[in-house]
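> My questions concern the predicted model and sequence given below.
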Amino acid sequence: MAWIILFLAGLFEIGWAIGLKYTHGFSRLWPSMFTAASMLASVVLLGVALKQLPLGTAYAVWTGIGTVGTVIFGVLVLGEPATAARLGCIVLIVAGIAGLKILSAH
C-alpha cells in the first residue's frame, strides 16, 4: 500500500510542477490554488508513505516520478524537444526508480 501512496504522491508532484508553469509567479489565482493544493497533497502522501518505506528510496522515487512525468508533459503538451539524449536520460531515471523498487525490502 505504501508504494501506491508514494505513486499518488508522485502524480501530485507532477501536478504542482506543471502548475508552476501556469501560475505566472503565483499571480493567477486558480492555477496558484491548484498548484498549492497539489504541493500539499504530494508532501502529505509522501509523509504517509515514509511510515513504511526507507527515506532515501521513497524520496528518490517521488522526485523521479515527478521528473519523468513533467518531462513527458513538456514534450507532449509544451512542445519541448524530445531528443535521443533527453529520452535516454529519462530511461535512466525510470531504470533507477525500478531498481530502487526492486531492491527495496518493502
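Yes, it's here. Residues are numbered from 1 along each chain as shown.

> so what does the lowest-mean-pLDDT helix or strand in the chain touch, helix or strand wise?
Least confident helix or strand of the chain, by mean pLDDT, DSSP states H and E, is helix 84-103 with a mean of 92. Counting contacts by 3 or more Cβ pairs under 8 Å, 6 or more residues apart in numbering; DSSP states H and E, the secondary-structure elements packed against helix 84-103 are helix 55-76. For the C-beta atoms, the positions are set from N, CA and C on the backbone; glycine is no exception.

> List of residues touching the least confident helix or strand of the chain?
With contacts defined as Cβ atoms under 8 Å, 6 or more residues apart in numbering, helix 84-103 is touched by 3, 57, 60-61, 64-65, 67-68, 71-72, 75.

> ditto for stretch 40-59
1-3, 5-6, 8-10, 12-13, 15-16, 62, 66, 100-101, 104-106.

> cool, and stretch 3-14?
Contacts for stretch 3-14 (Cβ under 8 Å, 6+ apart): 38-39, 41-46, 48-49, 53, 58, 61-66, 69-70, 73, 101, 106.
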